[in-house]
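Participant: 3D, please:
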Amino acid sequence: MSSGIQVKPKTAGQKSKTSPLPHSPQPATKPKPSDKLNPKTIDPFGDYSRPTSAFAAIYAKGGIPCRLVHGSVKHRLQWECLPETVPFDPLLVTLAEGLRETKHPYTFVSKEGFKELLMVDGATEKAIPLLPRLVPVLKAALAHSDDEVFGRGLDALVQLSAVVGPSLNDHLKHLLTNLSRRLMNKKFREKITVALQKLEQYGGKATTAIIKSKIPTYCSISS
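Facilitator: Numbers count the residues shown, from 1 in each chain. Next up is the predicted model:
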């Protein structure tokens, strides 16, 4: 039995018992800027809800089995089912594609969903077969001109490395070029250096050799 309050529509007979008082028509309520922050308040026929990307379209159709829940302090994801039961293919790839989004709530859903999906039991065995499809998507995020998109892509790369370990080595060289370019920027130098050190930690000596070959200026943690 549902605990929610259901409001049944009045029948024609019920409507005839009460006549509404005459009143002047009121203008349609315009959406407030704050409505953009909560998908539940968005008019499904309004401009705000029109998908502007493939990820947004999938999210709007319910293809992402989690939703953003606004909290008083911070936001969180609410999954429609246990993440452990969700097929990684294609959801993990779809969430990785969403890392390039720049609008709320897609930015949070893609970032948090990718991280939480990789935290489930058996994530290693599920993620490794998807590496050939995940790497090009992460590469696109790392090459993005938007700094926040790049940051989300870098975080996702480290999270993936922590799960798949040395299995990422065969694909790593395709991702390091974009890191090398941003490493020259003081704004990203520390964050990228920390990320590369974590890649070494998760990938082993082979990862260190690959990084040094692609980024000669990088100071390895093993140096």
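Participant: going forward, measure contacts between C-alpha atoms and count neighbours the same way
Facilitator: Noted.
Participant: after the helix or strand bottoming out on mean pLDDT in the chain comes which helix or strand?
Facilitator: When each helix and strand of the chain is scored by mean pLDDT, DSSP states H and E, helix 12-17 comes last, with a mean of 47. Using DSSP states H and E, the helix or strand that follows helix 12-17 towards the C-terminus is helix 54-60.
Participant: mind listing what's buried in that next one?
Facilitator: In terms of neighbour count (16 or more other Cα atoms under 10 Å), helix 54-60 has its buried residues at 55, 56, 59.
Participant: who's in contact with it?
Facilitator: 51, 64, 94, 95, 97, 98, 101, 106 (Cα atoms under 8 Å, 6 or more residues apart in numbering).
Participant: now the residues you listed: which count as buried?
Facilitator: Using 16+ other Cα under 10 Å, the buried members of the contacts of helix 54-60 are 64, 94, 95, 97, 98, 101, 106.
Participant: helices along this protein, start to end?
Facilitator: 12-17, 54-60, 88-98, 106-117, 123-127, 131-142, 147-164, 169-183, 186-203, 205-214 (DSSP state H).
Participant: want to throw those into CSV with distance to residue 69?
Facilitator: Putting those into CSV (distance: least, Cα to Cα, whole Å) gives the following:
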stretch, distance to residue 69
helix 12-17, 37
helix 54-60, 15
helix 88-98, 17
helix 106-117, 10
helix 123-127, 24
helix 131-142, 25
helix 147-164, 20
helix 169-183, 33
helix 186-203, 29
helix 205-214, 38
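Participant: quick one: closest of those helices to residue 80.
Facilitator: helix 106-117 (12.2 Å; Cα to Cα).
Participant: helices or strands next to that closest one in the packing?
Facilitator: strand 66-69, strand 76-79, helix 88-98, helix 147-164 (3 or more Cα pairs under 8 Å, 6 or more residues apart in numbering; DSSP states H and E).
Participant: any idea how far the residue lying closest to residue 218 once chain neighbours are set aside is from residue 172?
Facilitator: Among residues not flanking residue 218 along the chain, residue 212 sits closest, at 6.5 Å (Cα to Cα, 6 or more residues apart in numbering). Between residue 212 and residue 172 the distance is 12 Å, computed by Cα to Cα, to the nearest Å.
Participant: now do residue 185
Facilitator: Taking Cα to Cα, one finds residue 185 at 21 Å from residue 172.
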